Each structure stands twice: as structure tokens, then as C-alpha cells.
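J.: A predicted structure for the sequence below; I have some questions about it.
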Amino acid sequence: MSGIAETAAQAAQAREAGNTAFLAICEAEAKIIEAQGVVREIIGNGGSDTLSDWLMLLNQTHSQLIVARNTVPLANELGQRFINNLFS
Amino acid sequence: MQHHVYQPARNPGWKGKCTYQEGDEICRLLGSAQIHRIGRSRQGPHVFIPGDLYLPDGNPDLCGFRAAEFGFHCRAPRDAEIHRLARKEFGQGQAITCPFGPHGGTVYVRGEGSSTLIEQHDMGFNVLHPEMMCPASLMHWPLGDAEKGALAQQAKDLVQQFNRDLRIEAEDPAFFPKKPLPESQPLKHKGRMGREPEPASEDWALGGREDEDVPRADEVVTGVVPDHVQGQSVGRSGMISESANTAQGAMRRSEDAIEALRNAVSDLGGVTNTVVELLGDGGSASLRSWLENLRMAQDGVNDAIRQAAQGNEHAGQYIRNISG
């Protein structure tokens, strides 16, 4: 395998792992959204400081996941661009 | 005095009295996205806005950065990703969150005295609903003097209202009773649970009072389950158990999320190592950008894991509290 082909294969494998990471982040986000819904429901039936703190942390987790979820595809795209450039 | 009654859209069964009055400038300015400050927690004053968001104030773990022009203090954690994003975008930039909109309406500022507001969706945040957006992000960009003035006025109103409420609370004996209730003693309070304190003249025997229905150690007691267990009715106990189960369900989802995120971090770590290897001593600009974004994503996921784990600690505390 030539040097360029080997680099491209390595990069493609890395990009594939990036896709897997993206799916895992989406899965985590779905779970966090579910947890937020349940906690909001419990708060609706009578809240407490502990519950509010929990919800706040879930909201923050969700915000950070949104950032990560938006960043990973961008990284993957840059990886793809790198691979394309190898052959251009 | 006419107060709003706050009724969250997502939890219609729950109501809270807004401390702002009908016609207050703050309500007029915010329109449908009204702010309702309804109480205080151990973290300090908090507000609820449509969408059931909770914005703590005065938390030492939060950044606390203050934008001079707007008077808002940053409510994001010190190590939050948004600070890094803001720095990346604006060099010395700092991030603050204003008290409007989803997630507290994230607003990015360049620095003390020369603040700059950025639409939050420009930074990659999803916007939930137009009416729930930060009013700042609904305004024209860049902000004119009138818009800056309106934001500054909102902040001023908030501070004034907060101080006014604090004075009202301090003067209200229901909040801070200045004198003890007549003949009040901790063990005689009408809200106390358990048996009455013994009269001074009563004789005591080992194992409890003689007239009390306490079985002796060698006595076998048979019969149906009592309708009260340890001072709480079985019905209430059932409700508590249901709440605990529901909370445990949410906690399990959060634990599953953490597990998935750990896998994501592991995958991203592998990708990062490969890209570092490909980068070698120099590398192309696209490789460097790829690496930078990967590291940013890793940091974000690690932050999320940390926050979710902290949330689970609160969840555990809540479950322990209600389970007695």
C-alpha cells in the first residue's frame, strides 16, 4: 500500500470512529432528555432544592452535549476534507 | 397588589406566585417570556421562566463574570465549554448567561466595559422556540443604543425588584418570626411528631411507659400489617415509593447516558491519537482543524459526564431523602 493510501485508510478509520462517537453522543442526549422530562414531572408534583439542582445539572449536561453533538460532525467533515485533499 | 400566577407550560398542575406585579416594567419588556422570581433555594434567589428553567444565583461554583453594560452575572460553571468557545471566537472573550431564554439565554461578551452580544444559535446552540429565545438574540445585531439601554434597564429593574422583595421579606413576620411563639418549646410544638413528652410526675419503666402498646421482648405479636408504619401511613409510603422509583428511573437513564458518553470519549480519544500520529511534526491545516475540533468535542463530552455525574449525586440524595 502506498504512503498516501495508507494515510487515507488510517484517516478513514478514524473518521468512522468519529461517527460512532457521534451516535453515542446522540444516544446519551436522548437519555438525558428523557431524564429531564421525568425530573420535570416529579418537580411538577412537588419540587425540592435537590430536584431543582438535579434538573439544573441535567440542563447543563444537555447544553454541553449539544455543543459536542455539533462539534463532532464538523470534526468528521474536516477529516473527510483531509482525505479528499490527499487525492487531489 | 396583583401578582402574576406562574403556571409552567410543561407542568400545568404546578403553580407558583410570581413576585412581580401586573404592569411591572419587566413583564412588559419581556412580553410572553416573562420572568417569575418565586422563591429562594440554598443557592440563592432563583427565577423560573417558561420552559421550567431554573437559574440559580450566587453559586460560588459559577463564573460570576459581570458585563458592565448589562449588569448580568455569568451563571455558567467556571469550566463550562461556552467560555472556551467564547475565547476561541473573540480572543479574550468571556461568556455570560443573561436570565432570559432557553438555558438561561447564553450571551457572549468581549469583556468588561465593551460587551458584545451574539445570537446564541450562532454558537451552535439549538433554539427551542422563538418566544422562548433570549430577547437579546431577537434584537437587531449589532445592538443599537436603544437596545443596549433596554437591556440595561431590564437588569436595573431586576436588581431593584430583588432588593424590594428582600425588604418585603425581611419585614414580613411570616418569613422571619422575631419572637418565639408563646410557650413554644421544641417538644411541645403542634407540628411535632411522636408521643407527647412525659409529665414530670410520671414513673418510667424500662421499655417504655406502662400504658403504652409496646410489646415486651419475649412477646410474640401476630396480626395484620398496621395502616401506619413508623409514623407514616402506608398510603403515603406507597406514594413515596412511587416517587423514588420514578427518580431511580431518571437516574438510570442518566447513568446510561454517562456510559454512552464514556464510549464516545474512548472513540474520540482513538481518533485524536490517529490524527496526532498523522499530523507528525507538521501536518496540514485541515488536520490541525480536525484535531482542534476533536479536542473541543472531547472536552464537551467530559464536561457533560462530570455534570451528569454531579446530577446523579443529587438524584441519590433526593431518593435517600424521600425514602427516609
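T.: Nice, I can see it.
J.: any low-confidence regions in chain A?
T.: A:1-2 (pLDDT under 70).
J.: now do 80
T.: For chain A, the stretches with pLDDT under 80 are A:1-4, A:44-47, A:70, A:74, A:85-88.
J.: Packing partners of the helix or strand hosting B:Leu291?
T.: Per DSSP states H and E: B:Leu291 is located in helix B:285-323. Packing contacts for helix B:285-323, counted by 3 or more CB pairs under 8 Å, 6 or more residues apart in numbering or on different chains; DSSP states H and E, involve helix A:3-44, helix A:49-87, helix B:81-90, helix B:234-279. For the C-beta atoms, the positions are set from N, CA and C on the backbone; glycine is no exception.
J.: Save those as TSV, and put in mean neighbour count too.
T.: Formatted as TSV, the helices and strands packed on helix B:285-323 follow (neighbours: other CB atoms under 10 Å in any protein chain shown):
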stretch	mean neighbour count
helix A:3-44	19
helix A:49-87	22
helix B:81-90	20
helix B:234-279	18
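J.: wait, which of these is closest to B:Gln298?
T.: Nearest to B:Gln298, of all the helices and strands packed on helix B:285-323, is helix B:234-279, at 4.8 Å by CB to CB.
J.: relative to helix A:49-87, how tilted is that closest one?
T.: Interaxial angle of helix B:234-279 relative to helix A:49-87 (axes from the mean of the first three to the mean of the last three CA atoms, to 10 degrees): 20 degrees.
J.: at contact distance from chain A, anything in helix B:234-279?
T.: Yes - shown here: helix B:234-279 in contact with chain A (CB under 8 Å from any CB of the partner chain) through B:243, B:246-247, B:249-251, B:253-254, B:256-258, B:260-261, B:263-265, B:267-268, B:270-271, B:274-275, B:277-278.
J.: Alpha carbons of stretch A:67-82, as PDB, please.
T.: Output of stretch A:67-82 as PDB, limited to C-alpha atoms (Å, rounded to 0.1, in the frame of the first residue of the first chain):
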ATOM      1  CA  VAL A  67     -22.000  21.600  21.800                       C
ATOM      2  CA  ALA A  68     -20.300  18.200  21.400                       C
ATOM      3  CA  ARG A  69     -23.000  16.900  19.100                       C
ATOM      4  CA  ASN A  70     -22.500  19.900  16.800                       C
ATOM      5  CA  THR A  71     -18.700  19.700  17.000                       C
ATOM      6  CA  VAL A  72     -18.200  16.000  16.200                       C
ATOM      7  CA  PRO A  73     -19.800  16.200  12.700                       C
ATOM      8  CA  LEU A  74     -17.700  19.300  12.000                       C
ATOM      9  CA  ALA A  75     -14.600  17.300  13.000                       C
ATOM     10  CA  ASN A  76     -15.700  14.400  10.800                       C
ATOM     11  CA  GLU A  77     -16.200  16.700   7.900                       C
ATOM     12  CA  LEU A  78     -12.700  18.100   8.400                       C
ATOM     13  CA  GLY A  79     -11.400  14.500   8.400                       C
ATOM     14  CA  GLN A  80     -13.200  13.800   5.100                       C
ATOM     15  CA  ARG A  81     -11.800  17.000   3.700                       C
ATOM     16  CA  PHE A  82      -8.300  15.900   4.700                       C
END
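J.: Tell me if that stretch is near chain B.
T.: Yes - looking at stretch A:67-82 against chain B by CB under 8 Å from any CB, the contacts come from A:67-68, A:70-72, A:74-75, A:78-79, A:81-82.
J.: Make JSON lines from the helices and strands packed on helix B:285-323 and add distance to B:Gln307 to it.
T.: Listed next are the helices and strands packed on helix B:285-323 as JSON lines, based on distance: least, CB to CB, whole Å:
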{"stretch": "helix A:3-44", "distance to B:Gln307": "10"}
{"stretch": "helix A:49-87", "distance to B:Gln307": "4"}
{"stretch": "helix B:81-90", "distance to B:Gln307": "10"}
{"stretch": "helix B:234-279", "distance to B:Gln307": "10"}
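J.: B:Ala304 is nearest to which of those helices?
T.: helix A:49-87 (4.1 Å).
J.: For that closest one, name the packing helices and strands.
T.: helix A:3-44, strand B:36-41, strand B:53-56, helix B:81-90, helix B:234-279, helix B:285-323.
J.: With respect to these, which exhibits the lowest mean confidence?
T.: The weakest mean pLDDT among those belongs to strand B:53-56, with a mean of 32.
J.: Touching, A:Ala8 and A:Ile83? I think so.
T.: Yes - judged on CB atoms under 8 Å, A:Ala8 makes contact with A:Ile83 at a distance of 5.3 Å.
J.: Now do the contacts for A:Thr50.
T.: A:Thr50 makes contacts with B:314, B:317-318, B:321, as judged by CB atoms under 8 Å, 6 or more residues apart in numbering or on different chains.
J.: Show me which of those are buried.
T.: B:314, B:317-318 (16 or more other CB atoms under 10 Å in any protein chain shown).
J.: Specify which member of those is nearest to A:Ile33.
T.: B:His314 (17.8 Å).
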